[in-house]
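Student: I would like the atomic coordinates for the input below:
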Amino acid sequence: MANKEQVELFGKKWDVEEDEQGKYAIIHLAKKHFRWYLDKKKEALREEDRRSLRERLDAGGFKGKSKTLAIQTIKNDAERFKDVHGKEAKILASQKVHLAEEKEPRITKDMLKISEKTHGTVDYDIEIDDKIVHALDYKIKGVGSSTRKILSDSYEDGKSLKESANGIKDYVRYTIKSDEEHLVEDFETTYDMMKKRGYEPVKIKNTLDSQGKGDYIGLNTQWETADGYMFELQFHTDSSLVVKEENHKLYEKTREIGIGPEERERLERIQIKNTERVKKIRNADKIKNYRREKK
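Tutor: Numbering: from 1, shown residues only. Next up, the predicted model:
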């Protein structure tokens, strides 16, 4: 085993070697402390080990070769997790998307009729990544996107794949785009009409008045159909949609492995600064947050 050396992690010395691709991999495991399988074994880190390693890395606790090793450890582990659980996650995603495709037509029909009674619309075009896309083309989360979300939530939160799949509430999702003067009024109209059609609110999260204070401006709601199916409905303006897309890209960068606390904080400050460009929304504080008690 060439280039064998020791690297200190968590105050302990670890034997390491450089593999054929020049990437560091742990080859000696401290059995009483961590069980890190980094040598092609089809296992992943335990949740507590993963969290501990990621938190230490995110806090800038590794330098030099220790940082290289920590970054590669997490990347190897994430890839292994996907390899091991990807097939099962895709099956679950396909089942969820199939159910969404069954439920969506009725909901979409209602959403179109309801939005016609507002100053906004659920049926509009928007520019994303220099392309004009139709909002309703994205009303169902795709199998690929759902699979990635299930794997990500399971990996990062330590939940089972099934729990992660069941926890996603936007397999069917819509956005009503309104203007600053009428968005709150349009929400109230939509709320009343949805209740009359048998939909029940599950969650309302209002960040419409968070310009310069948070990284997201919008009104996110979750609803349940009469037969118990949950879906998402957001309310936005032109300016909040633009900032939403910009900040999502920055958010993804903050989640990159090994980015470091200083760069993460810089990107987070940019996101908050971006929200200052969202035009003020009339009566934004009128809508109260809500979460239905668990049944």
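
Student: export stretch 248-268 as PDB, just CAs?
Tutor: Output of stretch 248-268 as PDB, limited to C-alpha atoms (Å, rounded to 0.1, in the frame of the first residue of the first chain):
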ATOM      1  CA  HIS A 248     -32.400  28.700  -5.200                       C
ATOM      2  CA  LYS A 249     -29.200  28.500  -7.300                       C
ATOM      3  CA  LEU A 250     -27.300  30.200  -4.500                       C
ATOM      4  CA  TYR A 251     -28.800  27.900  -1.900                       C
ATOM      5  CA  GLU A 252     -27.600  24.900  -3.900                       C
ATOM      6  CA  LYS A 253     -24.100  26.300  -3.800                       C
ATOM      7  CA  THR A 254     -24.300  26.700   0.000                       C
ATOM      8  CA  ARG A 255     -25.000  22.900   0.200                       C
ATOM      9  CA  GLU A 256     -21.800  21.900  -1.700                       C
ATOM     10  CA  ILE A 257     -19.400  19.800   0.300                       C
ATOM     11  CA  GLY A 258     -16.400  21.600   1.700                       C
ATOM     12  CA  ILE A 259     -17.600  25.100   0.800                       C
ATOM     13  CA  GLY A 260     -16.500  26.500   4.200                       C
ATOM     14  CA  PRO A 261     -18.300  28.800   6.600                       C
ATOM     15  CA  GLU A 262     -17.100  32.100   5.200                       C
ATOM     16  CA  GLU A 263     -18.200  31.400   1.700                       C
ATOM     17  CA  ARG A 264     -21.500  30.000   2.900                       C
ATOM     18  CA  GLU A 265     -22.200  33.100   4.900                       C
ATOM     19  CA  ARG A 266     -21.300  35.300   1.900                       C
ATOM     20  CA  LEU A 267     -23.800  33.400  -0.300                       C
ATOM     21  CA  GLU A 268     -26.500  33.700   2.400                       C
END
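
Student: which outside residues touch that stretch?
Tutor: With CB atoms under 8 Å, 6 or more residues apart in numbering as the test, stretch 248-268 has contacts from 54, 57-60, 67, 70-71, 74-75, 215, 270-271, 274. In short, each C-beta sits where N, CA and C put it, glycine included.

Student: What segments of the stretch 51-200 of the chain are helices?
Tutor: Using DSSP state H, counting those that start in this stretch, the helices found in the stretch 51-200 of the chain span residues 64-115, 143-157, 161-167, 183-196.

Student: Tell me which helix or strand comes right after the last one.
Tutor: So the one you mean is helix 183-196. Next along the chain after helix 183-196, taking DSSP states H and E as the criterion, comes strand 200-206.

Student: Quick one: the helices of the stretch 51-200 of the chain as a markdown table, columns for mean pLDDT too.
Tutor: Shown next, in a markdown table, are those (pLDDT from 0 to 100):
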| stretch | mean pLDDT |
| --- | --- |
| helix 64-115 | 89 |
| helix 143-157 | 92 |
| helix 161-167 | 97 |
| helix 183-196 | 98 |
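
Student: Reformat these as TSV; add mean neighbour count.
Tutor: As requested, the helices of the stretch 51-200 of the chain are arranged in TSV below (neighbours: other CB atoms under 10 Å):
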stretch	mean neighbour count
helix 64-115	17
helix 143-157	19
helix 161-167	17
helix 183-196	18
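
Student: Could you dump those into CSV with distance to K253 added?
Tutor: Compiled in CSV, those are given as follows (distance: least, CB to CB, whole Å):
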stretch, distance to K253
helix 64-115, 15
helix 143-157, 16
helix 161-167, 23
helix 183-196, 29
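
Student: So for the helix or strand harbouring E48, what gets flagged as buried?
Tutor: Following DSSP H and E, one finds E48 within helix 47-58. Neighbour-count burial for helix 47-58, counted by 16 or more other CB atoms under 10 Å, picks out D49, R50, L53, R54, L57, D58.
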